[in-house]
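[1] give me the fold of what follows.
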Amino acid sequence: MPGLPFRMVNELVEMGFEKFVRTEFFDTTTYFTSDFLKNEPAKVQAFYDLAWNHHAKWRPFLRLIMARHNWEATHRLGEILAPTLVVVGDNDDVGSNHIKQAVALTERIKNAERFVIKGQSHGFFWQAPEQTNAWLSEWVAKHAQNKKLKAAV
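    Next up is the predicted model:
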């Protein structure tokens, strides 16, 4: 359904912008699993500091979330011809439920591959960088090799 989710608008109004963003990082499992939040507070803080320094400020953020929640282009997913990897953590179900979205993307993009990372949420690349780099490098190398083979034929 188009429009901003009630929960998001309500929390933005009640908390204010900066506290809303901070809460998403430290007090919810939006980005990290509960265990990671508890066991790796310095890494969570470092990620927040980095993200906040580059995060859209209030007005651009508001425009971004309005556009994101009102724009619909899933009918064009079938036009994607490039190799596509859809990645999601198996705990990435807060808010928009990226698990369901990953399934829809994989079903609608021809030859898309889905990779579900066990025990991860939306911040898997920060929570498990070695694992992320390993499977991502493997996937890119496989598709680069396939491209070379097709070009040789």
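
[2] contact partners of stretch 39-58?
    Under the criterion C-beta atoms under 8 Å, 6 or more residues apart in numbering, residues 17, 21-22, 25-26, 31-32, 36-37, 61, 64, 123, 126-127 lie in contact with stretch 39-58. Glycine gets a C-beta too; all of them are placed from N, C-alpha and C.

[3] name the SS class of Val94, please.
    Secondary structure state of Val94, per DSSP: H, G, I helix; E, B strand; the rest coil, is coil.

[4] does it touch Thr29 like I think?
    Yes. Taking C-beta atoms under 8 Å as the contact criterion, Val94 and Thr29 are neighbours in contact, 5.7 Å apart.

[5] which residues are common contacts for these two?
    Ser121.

[6] ok, so what distance separates Asn91 from Lys57?
    Separation of Asn91 from Lys57 (C-beta to C-beta, to the nearest Å): 29 Å.

[7] quick one, which of these two is more surrounded?
    When Asn91 and Lys57 are compared for neighbours, Asn91 comes out ahead with 21 against 9, by other C-beta atoms under 10 Å.

[8] the more buried one: what's it in contact with?
    29, 33, 119-121.

[9] how about those residues, which pair is most distant?
    Longest distance between any two of the contacts of Asn91 is 11.6 Å, between Thr29 and Gly119; criterion C-beta to C-beta.

[10] so for these two, which residue has more residues nearby?
    In this view Thr29 and Gly119 are compared by other C-beta under 10 Å, and Thr29 has more residues nearby, 19 against 14.

[11] secondary structure class for the residue nearest to Val87 when sequence neighbours are not counted?
    The shortest distance from Val87 to any residue other than its chain neighbours is 4.9 Å, reached at Phe115 (C-beta to C-beta, 6 or more residues apart in numbering). Three-state assignment for Phe115 (three-state DSSP): strand.

[12] so Phe115 touches Gly89, yeah?
    No. No contact is recorded between Phe115 and Gly89 when judged using C-beta under 8 Å, the distance being 10.0 Å.

[13] where is the longest helix in this structure?
    With DSSP state H applied, the helix covering the greatest number of residues in the chain is identified as helix 129-152.

[14] contacts only, for the most centrally placed residue in the chain.
    Central residue of the chain (C-alpha atoms, centre = their mean): His122, 5.0 Å from the mean position. Under the criterion of C-beta under 8 Å, 6+ apart, the contact list for His122 reads 30-31, 89, 92, 94, 98.
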